[in-house]
Structure formats: structure tokens, C-alpha cells
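Enquirer: sequence unavailable; structure follows:
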């Protein structure tokens, strides 16, 4: 259980955390805000942003702050979502990442129909043959039958 002084210190660290300049956090927040099927109101965006900040902060620092802790804090500062009009720039290492392209259903269907399954990301080729290795010998003892277990316990 955290003491009140430790909780206040954690809250101080939370409000001083540079969320606006943390590129990993910004990328994740933008993905979360854009993943909704309907546009979120400003109040919903603010709530989502606060919960996302808390989750990220707790994972990064090992603290265990809750929404109630932050909202009830006298240190409370307004939590503003990032401006969605300006894209967050990716660091050069991530911008040149060779991660596979996420295929749409139509692209996946076309690749399968044309026989180009080697171009499907994370698609493993499984050969149509049995394993040719010699099977290993079992080292586990033979399991006793229920009547043998009770018979051996009575002895």
C-alpha cells in the first residue's frame, strides 16, 4: 500500500511527465483516438487521453495511479488531447522500419487466388509430408489403472 507522500510524489511525476514530446505515447494515443467507429466528443477525447496517459505512465514508471487519484488531486492540471490535425513525426528508425504492409481483405483474396501466398505477411509454409525424424522413446512411466492405484495403496 502506497503512503500518501508516495502517492503525491507519483502524482507530481505524472503531471510533469512529458507526454507531448513522448513520440511512442503520441503515436499510440493517435491510433486509439482514430480507432473509434464514430467521432468522439471533446469530453470523450479528454477521458480517453487521461486513461491512456495513466496506463502509459503506470507501465513506464511502475506506479499504480488511478483516474480517481488524478481527478481528486489538488495538483490536477487540465489534460488536453494532442492536436489531431498535425501528424506526429516518426523517428527515423521507425520511419524506415521494414514491417510488413497490413493487407486488406481484397488484397489477401487476390494473393491467394493468384497463388502468390509467399507475399502474405506472417504466412508460414507447411510442407505436405510427415516428419522424417525417428520418433523419440517415451520416458514417462506407464500410468496405473484406477483399481491398481487403490490396490497398491492398500499394500
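Expert: Structure's in. What do you need? These figures come from a predicted structure and were not determined experimentally. Numbers count the residues shown, from 1 in each chain.
Enquirer: which strand or helix spans residue 47?
Expert: helix 42-61 (DSSP states H and E).
Enquirer: just checking, what packs against that helix?
Expert: On a contact count with 3 or more C-beta pairs under 8 Å, 6 or more residues apart in numbering; DSSP states H and E, helix 42-61 meets helix 4-16, helix 23-34, helix 67-71. Where you see a C-beta, it was placed from the backbone N, CA and C, and this is true even at glycine.
Enquirer: quick one: the residue nearest to the spatial centre of the chain from residue 54, how far?
Expert: With distances taken as C-alpha atoms, centre = their mean, the chain has residue 28 as the residue nearest its mean C-alpha position (9.8 Å). Distance of residue 28 to residue 54, given as C-beta to C-beta, to the nearest Å: 13 Å.
Enquirer: cool, residue 150 as well?
Expert: Applying C-beta to C-beta to residue 150 and residue 54 gives a distance of 56 Å.
Enquirer: okay, the two: which has more neighbours?
Expert: Using other C-beta atoms under 10 Å as the criterion, residue 150 and residue 54 rank with residue 54 on top: 19 against 10.
Enquirer: check which element follows the lowest-mean-pLDDT helix or strand in the chain along the chain.
Expert: Scoring the helices and strands of the chain by mean pLDDT, DSSP states H and E places helix 92-95 at the bottom, with a mean of 43. Later in the chain than helix 92-95, the nearest helix or strand by DSSP H and E is helix 105-114.
Enquirer: which parts of that following helix are buried?
Expert: Of all the residues in helix 105-114, those buried under the rule 16 or more other C-beta atoms under 10 Å are 108, 111.
Enquirer: before we move on, what about stretch 39-56?
Expert: Taking 16+ other C-beta under 10 Å as the criterion, stretch 39-56 shows 45, 48-50, 52-54, 56 as buried.
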